[in-house]
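1. Sequence first, predicted model second:
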Amino acid sequence: MKKNIFDVLVVYSEKAARSASSLFDNDKTPFSTASKRNQYNLAYAYFLQVCAKNGLRAAFTTTRDVIGAGKCKSYWEFKNNSWVKVKKEGYSSLIFDKFSPVNKKYFEISASLFSSNLIKPFNNNYLHRLFDDKQATFDTLHSFSIPTVALDSYNYKTIAQSIEAIKLLCLSHLQKEDFSKELILKDRFGAGGTNIYKINENFLEEILAVQEKNKKISFILQPFVKFEKGYEYKKISSATDIRLIYQKGKIIQAYIRTAKKNDFRCNEHQGGIVKYISIKNIPSAVVECSEKIVSLLNKKNALFALDFIISNNGNIYFLEGNINPGIYWGADSAEDELNTKKLILFIVKELLRRSQKTS
């Protein structure tokens, strides 16, 4: 079969996106129009259009379609304002990788996709491994982070040991007054605010109950940081995190995410409200902390996001890093759409630079 060669191939996780090989007639877009991900169809259509305007031939495919180094068995294109399934082999030496190899299946897919040295990922491999694993993030950046302990096995003894370990970390912490008596149980390799639980009391029993329902998930334990009054926006305090997006070692975007009422999860997928802020309005202590992290990471050509919270006592905590900042916008937010399109322009500009470098 003759393959089509692209300048860029977007490879998305099959958990979220649909293969162009789908035989279902209703699968007319990469993302289900009946789900919350419908906006992703608009965002990635714009992404491919911007690529085309900049002379880059690009296509969208999924991990289900990967068949070798830089190759896929089918792909989506966006033409004449419509998504088109193309059931032909596609190839590119430059991969915009929008999936995380956090389990055996995705690790094997990634190994196949990048099995040739000629195939280059957009995202930095080191940061991928670091930010995908919250325990690795803490181990590397512990002086900036919330104390973290991994739950390596699911029995009374090891869970009790992990609970004691996180308690000891908190007691010895210089800012221990920031931590409540509650614990956070969080998916070690998760994203989007899913599989995060606040454990209020009876730690052992509650953790076992959660793990019994989520046997395939690896968890970490953290103290709950009191932060509902730590950051004030327009004289209103609420549980808020601050995201800084970096490219080439500089902040290119910043926004805050405010949790919905009676929740502490700030993620947009969990009902958080996004508000973009100018770089000059980022608290100076957050910028100082983030610059130290960026300097330690020393990955100046990478695109990544750093998330922070400010405790009620005014202390800064690095929450987590993200090698794959979301490319989508809220259905009712013109501001979000405008700024996501700006982010896409940054990304395409870098893709263009890299494609010219390898051509």
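-> Thanks, I have it. Numbering: from 1, shown residues only.
2. and Arg353, that one's in a strand?
-> No: using DSSP: H, G, I helix; E, B strand; the rest coil, the secondary structure at Arg353 is helix, not a strand.
3. Near it, how many other residues are there?
-> Counted with other CB atoms under 10 Å, the neighbours of Arg353 add up to 10. The way it works is simple: take the backbone N, C-alpha and C, and place the C-beta from them, glycine included.
4. Model confidence for Asn38, exactly?
-> Confidence at Asn38, expressed as pLDDT, is 90.
5. Please name the nearest non-neighbouring residue to it.
-> Counting by CB to CB, 6 or more residues apart in numbering, Asn38 lies nearest to Phe31, which is 6.3 Å off, once chain neighbours are set aside.
6. Break the chain into its domains for me.
-> 4-122, 124-337 (automatic domain parsing).
7. Of those, which is nearest Val348?
-> domain 4-122 (4.8 Å; CB to CB).
8. A strand includes the residue nearest to Asn38, no?
-> No: in this structure, Phe31 is coil, not part of a strand, as judged by three-state DSSP.
9. if I pick it, what's in contact with it?
-> Counting by CB atoms under 8 Å, 6 or more residues apart in numbering, Phe31 makes contact with Ala16, Ala17, Arg18, Arg37, Asn38, Tyr40, Asn41, Tyr44.
10. Now rank the residues you listed by neighbours and give me the top one.
-> Within the contacts of Phe31, neighbour counts (other CB under 10 Å) peak at Ala17, which reaches 27 neighbours.
11. That one reaches Thr62, doesn't it?
-> Yes: applying CB atoms under 8 Å as the test, Ala17 and Thr62 come out as touching, 4.9 Å apart.
12. which residues do those two both contact?
-> Contact with both Ala17 and Thr62 is made by residues Pro30, according to CB under 8 Å, 6+ apart.
13. show me where the chain has helices.
-> 38-53, 104-113, 125-132, 134-140, 156-171, 203-213, 284-297, 334-358 (DSSP state H).
14. The last one to helix 38-53, inter-axis angle?
-> If I follow you right, that is helix 334-358. When axes from the mean of the first three to the mean of the last three CA atoms, to 10 degrees is applied, the directions of helix 334-358 and helix 38-53 differ by 40 degrees.
15. Residues touching helix 334-358, excluding its own?
-> Taking CB under 8 Å, 6+ apart as the rule, helix 334-358 contacts 7-8, 43, 46-47, 50-51, 54-56, 93-94, 96, 120, 122, 245, 247, 252-253, 255, 274-276, 303, 325, 327-330.
16. model confidence over it, on average?
-> 91.
17. How about the fifth one?
-> Rounded to a whole number, the mean pLDDT of helix 156-171 is 94.
18. Tell me which residues of that helix come out buried.
-> Ile159, Ser162, Ile163, Ile166, Lys167, Leu169, Cys170 (16 or more other CB atoms under 10 Å).
19. And stretch 249-264, by the same measure?
-> Buried, per 16+ other CB under 10 Å, within stretch 249-264: Ile251, Gln253, Ala254, Tyr255, Ile256, Arg257, Thr258, Ala259, Phe264.
20. contacting residues for the third one?
-> What it means is Ala254. Ala254 sits next to Ile242, Arg243, Leu244, Ile245, Tyr276, Ile277, Ser278, Ile279, Asn281, Ile282 when contact means CB under 8 Å, 6+ apart.
21. Buried subset of these as a PyMOL selection?
-> In PyMOL, a selection of the buried entries from the contacts of Ala254 looks like this (16+ other CB under 10 Å):
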select buried, resi 242+243+244+245+276+282
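22. can you tell me which two in the contacts of Ala254 are farthest apart?
-> Pairwise over these, using CB to CB, the maximum falls at Ile245 and Asn281, 15.0 Å.
23. hmm, back to that, out of the contacts of Phe31, who's nearest Thr194?
-> For the contacts of Phe31, the nearest to Thr194 is Ala16 (12.1 Å; CB to CB).
24. what's around Leu297, how many residues?
-> With other CB under 10 Å as criterion, Leu297 counts 21.
25. what do you get for Lys176?
-> Here the number of neighbours of Lys176 (other CB under 10 Å) works out to 12.
26. what do you get for the one 4 residues further on?
-> For Ser180, the tally of surrounding residues (other CB under 10 Å) stands at 14.
27. So it is in contact with Lys226, correct?
-> Yes: counting by CB under 8 Å, Lys226 is a contact partner of Ser180 at 5.4 Å.
28. circling back to that earlier point, will you turn the domains of the chain into JSON lines that also has distance to Leu351?
-> Shown next, in JSON lines, are these (distance: least, CB to CB, whole Å):
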{"stretch": "domain 4-122", "distance to Leu351": "5"}
{"stretch": "domain 124-337", "distance to Leu351": "10"}
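29. Show me how far stretch 190-200 is from its chain's centre.
-> In terms of CA atoms, centre = their mean, to the nearest Å, the centre of stretch 190-200 is set 14 Å apart from its chain centre.
30. Ok, stretch 72-86 next?
-> 25 Å.
31. Run through who's touching that stretch.
-> In contact with stretch 72-86 (CB under 8 Å, 6+ apart) are residues 4, 9, 11, 19-22, 28-30, 41, 44-45, 48-49, 59-62, 65-67, 87-91.
32. Pull out the buried residues from the residues you listed.
-> Among those, those buried by neighbour count (16+ other CB under 10 Å) are 9, 11, 19-22, 29-30, 41, 44-45, 48-49, 59-62, 65-66, 89-91.
33. quick revisit: need the buried ones from the contacts of helix 334-358 selected in PyMOL.
-> To isolate the buried members of the contacts of helix 334-358 in PyMOL, using 16+ other CB under 10 Å:
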select buried, resi 7+8+43+46+47+50+51+56+93+94+96+120+122+245+247+253+255+274+276+303+325+327+328+329
